[in-house]
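S.K.: This is a predicted model, with the sequence first.
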Amino acid sequence: MFELHRNIIQTFITEDIRDISTYGGYKGAYILKITTKRLTVAEKIAAYCESLGGEAVIKENHNLIIFEVYCIAEDPSVYTLKTTEHPFEYGLKIK
């Protein structure tokens, strides 16, 4: 997942990019958000993200006249941790 984001940043760092941010999603997804003023750059980033096996979404912000590209990489091991029952939730005590 981090390799996907690293490849995207290294490939497009010289393009017309305003901002790069990363977030952790609820179900173990890692989200890379890249902001640009050019739709062509946003489309290139999204296509590259998808070619590497990630999921990409482009959102247009009309107020700021920018495009936000979200590249999503899932980490199933984190989701498993969040859905595993914790023994203290049911009043069980560990000896």
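M.R.: Received it, and whenever you're ready, just let me know what you need.
S.K.: For the rest of this, base every contact and every neighbour count on C-alpha atoms.
M.R.: Fine.
S.K.: and the residue nearest to Glu60 when sequence neighbours are not counted, what is it in contact with?
M.R.: Excluding the flanking residues, the one nearest Glu60 by Cα to Cα, 6 or more residues apart in numbering is Phe67, at 4.6 Å. Contact analysis of Phe67 by Cα atoms under 8 Å, 6 or more residues apart in numbering lists Thr35, Thr36, Lys37, Arg38, Leu39, Ala42, Ile58, Lys59, Glu60, Asn61.
S.K.: In strands, which of those residues fall?
M.R.: Thr35, Thr36, Ile58, Lys59, Glu60, Asn61 (DSSP state E).
S.K.: least confident pick among those?
M.R.: pLDDT across those is lowest for Asn61, at 92.
S.K.: separation between it and Glu68?
M.R.: Asn61 sits 7 Å away from Glu68, going by Cα to Cα, to the nearest Å.
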